[in-house]
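J.: Give me coordinates for this.
(2 chains)
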2 protein chains.
Amino acid sequence: MTVQDRTNQALEAIEQQRSHNIFLDVDADRSRQAAQAADQRSVPLGPLDGKLIGIKANLAVKGLPWTAAIMGLSDRIATEDAGVVARLRAAGGVILGTLNMHEGALGAVTDSPGFGRCANPLIHDYTPGGSSGGSAAAVAAGLVDFALGSDTMGSSRVPAAYCGVAGIKPTDGLIGRSGMAFLSPSLDAIGPLAQRVRDLWPILSALAGPDALDPLVQPLPRHWPTDPEWRDDLSGVRIGRPKQIDNVECEPEILAGLNLAIDALKARGATILDVDISGWNPGHARRGGLLLSEAEGAVVNAELLDGPQGTITPEFRQNLEFGRDASSSRLVDAISRISAAGAACARAMVDVDTLIMPTAPQRAFPHGSDVPNNQADFSGLANFAKRPAVSIPVPLSGEILPAAVQLLGHPGEDPALLAIADVLDRELETTS
Amino acid sequence: MTVQDRTNQALEAIEQQRSHNIFLDVDADRSRQAAQAADQRSVPLGPLDGKLIGIKANLAVKGLPWTAAIMGLSDRIATEDAGVVARLRAAGGVILGTLNMHEGALGAVTDSPGFGRCANPLIHDYTPGGSSGGSAAAVAAGLVDFALGSDTMGSSRVPAAYCGVAGIKPTDGLIGRSGMAFLSPSLDAIGPLAQRVRDLWPILSALAGPDALDPLVQPLPRHWPTDPEWRDDLSGVRIGRPKQIDNVECEPEILAGLNLAIDALKARGATILDVDISGWNPGHARRGGLLLSEAEGAVVNAELLDGPQGTITPEFRQNLEFGRDASSSRLVDAISRISAAGAACARAMVDVDTLIMPTAPQRAFPHGSDVPNNQADFSGLANFAKRPAVSIPVPLSGEILPAAVQLLGHPGEDPALLAIADVLDRELETTS
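T.: Numbers count the residues shown, from 1 in each chain, chains lettered A, B, ... in the order given. Below is the predicted model of the structure:
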């Protein structure tokens, strides 16, 4: 099938699924032009050439509303592409449009007034998670080949888990964030999503590198490869299972999925070790990260906060005001919790290649039901530790909703982490 | 000379120099016992065995007042040794006592009411700098072989520079800080001082490693050596000279010293490159670090701040209150400045082994004169970037007060940094 056919098919499907509120704004004309150009190239630009891509609505797509699902920003039109969007276009990607998200990236449900309740393609009246709910849903629904999310404390990996797709939060500073409507510049990362782990590499590879407009972008790690050394087995690989998992209230199916993943890793030759991330209290650290996000979010969104009622929801306002009004000593405490979690993670990983833990303590849940507090208990650690983490779906026999685990790796070793996660992903696919 | 003879000589000299206010409290009995034990050992414990060591007064020395030069803590007696002090004792070190410092480690003069004005051994009514003024003065006066300081934004390197000795701020988390009266847990590091660069290795080596009571301690870098690969020349070594030096008002002698050091590096075969640490504004970042220090210091010293007037000086109180009362948005801004400086440093160092810049923009100045605001403009960068930096004195012909430069290295590569700094130190000694 030509790229143009695929693009037209996707645009039709998006139109038919309008009520699912996965896409917010569609760039039909430009998509068709990009598809045509892709079809006309005799030599493809690379693995992303002609691939269909959706972009979380907090990333600027030139000419489309740049809203971050905030009502007060409905009329803001992006005048430039975000750095990552420009890179994807340069790689031949077909940017279909912007994807729904939780208002302002602060929340994990993706059900925002003015932007609609985003469906989970696995069970339509369930949440896709958030804040990158639309990004995971678009991949799960087959509307796109790839999506960009963002990840502050799990905001791309939790939706990946809820929707049964793969997602990565890369090493901090690996991917530039210019043109992103930040929630928390200290914790935010670009988080690509795709159907399978191995597909995360071409997009990560295209996005990693310099960004003159992101002050926190880091140099590419030395020895950054053209491709990861993909593996057939995991012999010699050491994977730590943190004891702290037992301190977080998890759905039984999540623990069953974790055990399936551990069995799959063992079947491929990995060694599983119990590790104690001494100094990491998941809930305690998560609350620290939340306060920092709210404080940084209040600075980022200061104009909206000072603006008229109704431009942001009362809940978003309340959270930002909580951050804005936090005392110096509370912020110092939050920083201390985050730093301690990061250092604890580094100490616990000296003798292992990755950690394994659930991505979230629960699977997707019905829209409108109570939101669990502990959604980001596990996923926040990678942001606090500035380390990469990959979420991998774990199919459960007889269940529509999968479980999910994340593998957390060493800073700058995103390619090696993907190579391990890929083996797990394929093993789970085979055995399910 | 026996260790006992050296110890007794040092104790006498300390007593004779009481009015210099270098030592605060002396542990004469225990020093003599340690010296006797050292003399009786047929096989030395290592390179620190029998060496005379002084400890900054914000580090706990069991049985001595643990004051951090804060009047309200005059009666606090340490019930345990700080982790670093215990390590030095275990290595055979003779801990002579505690050293004067700037009140609460917040300031760079070392002239605190109740603890006296610390002399600079080079010119007695000049400041030794601070906050580790007593530590640098004790080494410069020959009262000790080694001293421990602490370094928040240069607090061990600036005094090293002012007193003409060597000092290192190690990679963050390399040396545990249990038993330290913090100013800023996010920025504080243990900073060893010695006469010469090469002497910094045995003390760094003895102190690096686990500390169960410091939540931010990091694992030892992989391939941590028994000894650095000391060098005879610097061929193949690339050293960056930041353009930002030109934006800081420096004493002419400091720039002359920088040029001498650059000539010495070239003479030993190093390549000097101009680098732009784009995103690092020295004064801007330093003010961010200062605010974070004041905010964290207000939490650390909350009891003193809430206590009666007179337990801390009005100046210290004012600075801590400034941090305590800082708004959330100001703290967010401070964090952003610090993170941006650190990332800028990482980007600028991709193609160089170290940076070179002055340790401080000025040499020591008379006690009682105006204190320059920009003392920590250069030195703060290593704390913000979590990287190691070594200060090396640069003798100036016909001048009592030397200049000083610092070399700033890659995280965890403290041994390689010391090996480069050692060549510079010896070259400058030879040519002066």
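J.: Go through whichever helix or strand A:Ile254 is part of and flag the buried ones.
T.: Assigned by DSSP states H and E, A:Ile254 belongs to helix A:252-267. Buried positions in helix A:252-267, judged by neighbour count with 16 or more other Cβ atoms under 10 Å in any protein chain shown: A:Glu253, A:Ile254, A:Ala256, A:Gly257, A:Leu258, A:Leu260, A:Ala261, A:Ile262, A:Ala264, A:Leu265. In this view, the C-beta of every residue, glycine as well, is placed from N, C-alpha and C.
J.: Check which helices and strands it sits against.
T.: Counting contacts by 3 or more Cβ pairs under 8 Å, 6 or more residues apart in numbering or on different chains; DSSP states H and E, helix A:252-267 packs against strand A:271-275, strand A:354-358, strand A:389-394, strand A:403-408, helix A:414-431.
J.: at 10 Å what do you get?
T.: strand A:238-242, strand A:271-275, strand A:354-358, strand A:389-394, strand A:403-408, helix A:414-431 (3 or more Cβ pairs under 10 Å, 6 or more residues apart in numbering or on different chains; DSSP states H and E).
J.: who in the stretch 301-432 of chain A is up against chain B?
T.: A:302, A:322-337, A:339-344, A:346-351 (Cβ under 10 Å from any Cβ of the partner chain).
J.: How about the secondary structure of A:Ala360?
T.: coil (DSSP: H, G, I helix; E, B strand; the rest coil).
J.: Now the phi/psi pair for it, please.
T.: Dihedral angles phi and psi of A:Ala360 (degrees, to the nearest 10) take the values phi -140, psi 160.
J.: list the contacts for it?
T.: Residues near A:Ala360 by Cβ atoms under 10 Å, 6 or more residues apart in numbering or on different chains: A:108, A:129, A:154, A:157-162, A:248, A:250-251, A:254, A:372, A:374-379, A:391, A:403-404, A:406.
J.: coming back round to it: ok, so of the buried residues of helix A:252-267, who is nearest A:Leu234?
T.: Nearest to A:Leu234 out of the buried residues of helix A:252-267 is A:Leu265 (Cβ to Cβ; 6.2 Å).
J.: In contact with the closest one, which residues are there?
T.: A:Leu265 neighbours (Cβ under 10 Å, 6+ apart): A:234, A:237, A:239, A:241, A:271-272, A:354, A:356, A:405, A:407, A:420, A:423-424, A:427-428.
J.: Buried among those residues? Make that a ChimeraX selection.
T.: Selecting only the buried entries of the contacts of A:Leu265 in ChimeraX, with 16+ other Cβ under 10 Å as the criterion:
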select /A:234,237,239,241,272,354,356,405,407,420,423,424,427,428
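J.: Can you report how many residues lie near A:Asp233?
T.: 12 (other Cβ atoms under 10 Å in any protein chain shown).
J.: If we ignore the residues flanking it in sequence, what's nearest it?
T.: A:Gly269 (4.6 Å; Cβ to Cβ, 6 or more residues apart in numbering or on different chains).
J.: again with A:Arg363
T.: Closest residue to A:Arg363 apart from its sequence neighbours, by Cβ to Cβ, 6+ apart: A:Leu401 at 4.5 Å.
J.: The one you found: which element?
T.: Using DSSP H and E, no helix or strand contains A:Leu401.
J.: my guess is it contacts A:Ala140, does it?
T.: No. When contacts are counted by Cβ atoms under 10 Å, A:Leu401 is not listed as touching A:Ala140 (11.1 Å).
J.: Report the set of residues contacting both of those two.
T.: Common neighbours of A:Leu401 and A:Ala140 (Cβ under 10 Å, 6+ apart) are A:Asn120, A:Leu122, A:Tyr162, A:Cys163, A:Gly164, A:Pro393.
J.: residues in contact with the residue nearest to A:Arg363?
T.: Contacts of A:Leu401 by Cβ under 10 Å, 6+ apart are A:120, A:122-123, A:126, A:161-164, A:251, A:253, A:362-365, A:393, A:395.
J.: Nice, that's everything, thank you.
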